[in-house]
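[1] 3D, please:
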Amino acid sequence: MAKSNKITTQRRVDDVRHLIVAGVGGIPEIRRLAVQKNWQVSDRQIRRYVAKANKQLSQIAEQDHRQALGRQVAQRRMLAAHHLKNGDYRGALTVMKDEAQLLGLYPPKTAGKSKNSRDLFTNNKRLSSGSVDRNKRTALRLAAEANRDETQLELIAGATPSKCYWAPDTMLPLMMLHVLALRHIAEQQEQLGLFLSATVPSAAANDVVEQWELAARLGAYRFAIGAEAWNQFASSIGVDPDYLIQCNYQSQLLKNYSEKICRMAPTVTELPNIFNKMGRPIPHLLTASQLAKRWQRQFAKLKCD
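    Below is the predicted model:
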């Protein structure tokens, strides 16, 4: 493959950037362009062109933002001067207030309610300049979500750049599958805890044996349908259910108790009879197929392009 000089490389990066802006900047499209123009480059080199093009687009966006901000400030100052020249002090004050808001000079309205809001306002200039790293902004965002601080969230959103990441199109579906696996593991651990707590009731608490037996059966039922639903879901998308569990759970606790609990679990038709026999109201019983379909819907939302 012939080496390209800086001018040739920049021309190719410009071509790639134009494809990205047009919304057709995928590897297949760029590869076709490379063949048409006889670039004679590898996919690895094409990815370098894409990375440079994305970097240039980010720089252009930042420059456009600074220029737009400077233009808006200049226009407001010219308008304020016009009001002052004509003795319209109220109009001038309104324009100057608008400029101050544009520059973020006023503290947020909820600053007195949230220490994080005050901290973010104090560091607003650093946030806008990008000196506060992504991890810190992530921590601030989580704190703002927990406090339901809308002003904090708006400030963080304004200080957070948008970036494009080069990744295989299978990455997000894989991440979603691992997240669902972690949720399934947590739910199974919860039902296992309920089952074990119910099978070893505390005599000091003067527990009713029948109530504990009912709790154990309910925990066993939920554990069993969880295991069945996970197998149904994994089979429906053609993946190994055990492999996803192994990737996210290193303990043997669930495996050791799974067979015993599933063997003791009542069926969806047997459990209502047990509740009726004990004079208890029958709760809403989720079935394995319903749970599997819930996971399928969640996964389908993500994989849609």
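[2] list the buried ones in the strand or helix carrying residue 95?
    According to DSSP states H and E, residue 95 maps onto helix 89-102. If you call a residue buried by 16 or more other Cβ atoms under 10 Å, then helix 89-102 has these buried ones: 92, 95-96, 99. The way it works is simple: take the backbone N, C-alpha and C, and place the C-beta from them, glycine included.
[3] what of stretch 9-23?
    Buried residues in stretch 9-23 (16+ other Cβ under 10 Å): 9, 12-13, 15-17, 19-20.
[4] can I get the residues you listed in a markdown table with pLDDT, secondary structure and distance to residue 297?
    Formatted as a markdown table, these follow (pLDDT from 0 to 100; DSSP: H, G, I helix; E, B strand; the rest coil; distance: Cβ to Cβ, whole Å):
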| residue | pLDDT | secondary structure | distance to residue 297 |
| --- | --- | --- | --- |
| 9 | 88 | helix | 46 |
| 12 | 88 | helix | 43 |
| 13 | 88 | helix | 41 |
| 15 | 87 | helix | 41 |
| 16 | 87 | helix | 37 |
| 17 | 84 | helix | 38 |
| 19 | 80 | helix | 34 |
| 20 | 80 | helix | 32 |
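[5] make CSV out of those and add distance to residue 175.
    Below are the buried residues of stretch 9-23 laid out as CSV (distance: Cβ to Cβ, whole Å):
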residue, distance to residue 175
9, 34
12, 32
13, 30
15, 32
16, 27
17, 28
19, 27
20, 24
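[6] closest one of the residues you listed to residue 279?
    Distances from residue 279 to those, taken as Cβ to Cβ, are shortest for residue 20 (67.3 Å).
[7] correct me if wrong: the closest one contacts residue 50.
    Yes: taking Cβ atoms under 8 Å as the contact criterion, residue 20 and residue 50 are neighbours in contact, 7.4 Å apart.
[8] please enumerate the helices of the chain.
    Assigned by DSSP state H, the chain shows helices spanning 6-21, 27-36, 43-85, 89-102, 115-122, 124-129, 134-147, 150-159, 171-199, 209-237, 241-248, 253-264, 270-277, 288-303.
[9] surely residue 160 meets residue 137?
    Yes: using Cβ under 8 Å, residue 160 is in contact with residue 137, at 5.9 Å.
[10] that older thread, redo the buried residues of helix 89-102 as CSV? Include distance to residue 222 and pLDDT.
    Listed next are the buried residues of helix 89-102 as CSV, based on distance: Cβ to Cβ, whole Å; pLDDT from 0 to 100:
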residue, distance to residue 222, pLDDT
92, 68, 82
95, 63, 84
96, 63, 85
99, 60, 82
